[in-house]
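> output the structure for:
(chains A and B)
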Amino acid sequence: MIMKPQVEKILREAGVIGEIEFTIPPNAEMGDLAFACFGLAKEWKMNPAEAAKKIIVEAGRDLPVQVERIEAVGPYVNFYFNASELAKLVLGNYDRDRSRPVRTIRHVGRGKKTMVEFAHPNTHKPVHIGHLRNMITGESLVRILENQGNKVVRANYQGDVGMHIAKCLWGILRISDFRFQISDLKRADERARFLGETYAMGGQAFEKDETAKKEIEALNIKIYNKNKSVWGLYKKTRKWSLDYFDYIYKKVGVKKFDRLYFESETFELGKKIVLAGLKKDIFKASQGAIIFEGSKYGLHDRVFISSKGLPTYEAKDQGLAALQFKEYHPDYIYHVVGKEQADYFKVVFKALEFTLPESKGKEKHLVYGWVSLKEGKMSSRTGNVVLAEWLLDEVEKRITEIMRDREIKNKEKVIKKVANAAVKYSMLKTGIGNDIVFDFNESVSLSGDSGPYLLYIVARINSILKKSKFKNQNLKFSMPTSIEPEEKKLLLGLVKFEEVVREAGEKKDPSVIAKYLFGLAQGFNNFYQSCPVLEAEPAARVFRLRLIKKTKEIMESGLNLLGIETVEEM
RNA sequence: GCUCCCGUAGUUCAACGGAUAGAAUAUCAGGCUUCGAACCUGAAGAUAGGGGUUCGAUUCCCUUCGGGAGCACCA
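Residues are numbered from 1 along each chain as shown, chains lettered A, B, ... in the order given. Coordinates of the predicted model:
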């Protein structure tokens, strides 16, 4: 971070050895950066307040120009930056990098090949808001990791075999004129809705009706055996689902995947690996099934091949890993999967250490929290889920209403982008591992701590820049006679960006960036409220134009890392 | 039953073991002849209960209560 070297130098000269960690003071009156002396006090064998005073005495005489003054407040040493010097550091080298949005961080993950596996919809099943969080989170993580220099492989593992398909097809076959209905469905979303409804039919029948359950199980075997009576229908509807996934990825704004994996391709391979492992005593026969004894390692036992001889999800994951390492030799694989599968993955990864030693330490379960529904009825529910597409459409409707009287270019596109921002931000602002209690009215807000609030900043800045007839080459850096507190606060926000992105990358948590951007936006709005740009005296005008342009660039870069597109006007 | 996660304003979320627990929203009171009011200013409002660990605990440990998830042939 800008300014840190200067401050560190001060502390070194005062005799501080070892790693230095800073904190941000609770408010601006207490300085711009602080050093807590608790650890130091132990070393120096005095109380923290005395240590702070000692630093002031040692270093207070000869400060670099960037640091205006230092103060000891209790156990803290507080540093006050010189606003003009800060401005020079943040905006002064503008001419050099004006064409580049923001310097990115390319050292942390340099040269690492990282696979991020996310989305994971299953064919013949609805794409719900849990998938939505998964897609949005995965997309953002990919961008953050790429920003750190990782070579990222985008992967997606989709379930196209299993009971859920039998349930769906059973539902379809129950409809007397299903052939007619199917031929009538043309659009991807119509087809997906049809599959969602028939899946719900099958699912409910499976739970409640013993006969239906048996029928569905029999159908499942037929599908496994590629029986002619259902194979054609399976292939057709599988294609429908995959087409719909492409449609929804596009709608959500998930870029193309480098590799789509399917359970149908890991099925046989997984079974083979487990059977081979059985001979090497990696797995064990138990009650007719083949299991891995996780309990030997403080985990729990899991079935890898069922007593019917079918590979379970666990076995398929062995096959999946084998494929992934063979094809890409990644340094890491992040599986973006809900936290309900945390224990499951521990067992699978442990088994992989034996079947695929290369994978050791490289398989990571990236846990994200549950999206649960707040109590109350929701008209949108098919079966027991809220559809991803419904949410996007509903938000779009509300924004259309808000923008009804607005006359702007490409209004339809703008509405879609604003809706997209609202949904994505609502899914990313909560810590990645924490649950989101979903309520439409509160979760996807369009004001306050929301996506549109952030886009609004960019639109406002665009509007000012347009009116200013701003041209980069006309803007040699100039210093105003004084810098307002709101300006300084905004500058302090801008310098933190790089560090924030690094933290988000380390924690694998986009919410770090989301929170930062919201704070930055608030800082901008405070500035905007009290510091006129276009009407300011010439030096201040140029300075402020640069300041808001920089703000816009950081905002756009940050939003980009969240997978959110900005708009010119809204 | 066992294991893991969570419990913070009415609600939805923050807070490397550190300064006065921050926001948003809802409520109330203000602010557009002024660069875009999807905005801004102000008021009121919270750490589930009880023990510990220490200079200091929302954070770590124990316990009670409350919620969620996982725990053998689903994915």
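> what does the stretch 201-350 of chain A put close to RNA strand B?
A:263, A:286-289, A:291, A:300-303, A:306-308, A:310, A:312-314, A:339-344 (Cβ under 7 Å from any atom of the strand). Just so you know, the C-beta spots here come from the backbone N, C-alpha and C atoms, and that holds for glycine as well.
> among the residues you listed, which are located in helices?
A:E263, A:Y313, A:E314, A:A342, A:D343, A:Y344 (DSSP state H).
> please pick the buried ones from these.
Buried members of those, scored by 16 or more other Cβ atoms under 10 Å, are A:E263, A:Y313, A:E314, A:Y344.
> any chance of the residues you listed in CSV, with pLDDT too?
Shown next, in CSV, are these (pLDDT from 0 to 100):
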residue, pLDDT
A:E263, 94
A:Y313, 93
A:E314, 96
A:Y344, 95
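> from those residues, which is closest to RNA strand B?
Ranked by distance to RNA strand B (Cβ to the nearest atom of the strand), these are led by A:Y313 at 3.5 Å.
> in what helix or strand does the residue of the stretch 401-550 of chain A found nearest RNA strand B lie?
Minimum separation of the stretch 401-550 of chain A from RNA strand B (Cβ to the nearest atom of the strand) falls at A:G448, amounting to 1.9 Å. Assigned by DSSP states H and E, A:G448 falls within no helix or strand.
> what about it, neighbour count?
When counting by other Cβ atoms under 10 Å, one arrives at 8 neighbours for A:G448.
> quick check on it: phi, psi?
Dihedral pair for A:G448: phi 70, psi -140, per degrees, to the nearest 10.
> where are the low-confidence patches of chain A?
Scanning chain A for pLDDT under 70 picks out the ranges A:1, A:93-108, A:375-384, A:470-477.
> so which residue is smack in the middle of it?
A:T137 (2.9 Å; Cα atoms, centre = their mean).
> excluding chain neighbours, what is closest to A:P126?
Among residues not flanking A:P126 along the chain, A:G196 sits closest, at 4.0 Å (Cβ to Cβ, 6 or more residues apart in numbering).
> would you check that the one you found makes contact with A:E389?
No. In terms of Cβ atoms under 8 Å, A:G196 does not count as a neighbour of A:E389; the distance is 10.0 Å.
> before we move on, back to that, just the closest of the ones in helices among the residues of the stretch 201-350 of chain A next to RNA strand B to A:V367, please.
Distance to A:V367 across those (Cβ to Cβ) is lowest for A:A342, with 6.0 Å.
> hmm, that closest one is touching A:Y368, no?
No. A:A342 lies out of contact with A:Y368 (Cβ under 8 Å); the separation is 10.9 Å.
> all strands of the stretch 301-450 of chain A, in order?
Along the stretch 301-450 of chain A, the segments classed as strands by DSSP state E, counting those that start in this stretch run A:302-305, A:332-338, A:363-368, A:371-373, A:381-382, A:385-386, A:436-438.
> any idea which of these is most buried?
Comparing those by mean neighbour count (mean count of other Cβ atoms under 10 Å), strand A:302-305 ranks first with a mean of 24.
> from the middle of its chain, how far away would that strand be?
Chain-centre distance of strand A:302-305: 32 Å, with Cα atoms, centre = their mean, to the nearest Å.
> RNA strand B contacts on the stretch 1-150 of chain A?
Contact residues, the stretch 1-150 of chain A versus RNA strand B (Cβ under 7 Å from any atom of the strand): A:21, A:23, A:25-27, A:29-31, A:34, A:36, A:38, A:73-76, A:78, A:122.
> those residues in strands, which ones?
Among those, DSSP state E puts A:T23, A:A34, A:A36, A:V73, A:Y76, A:N78 in strands.
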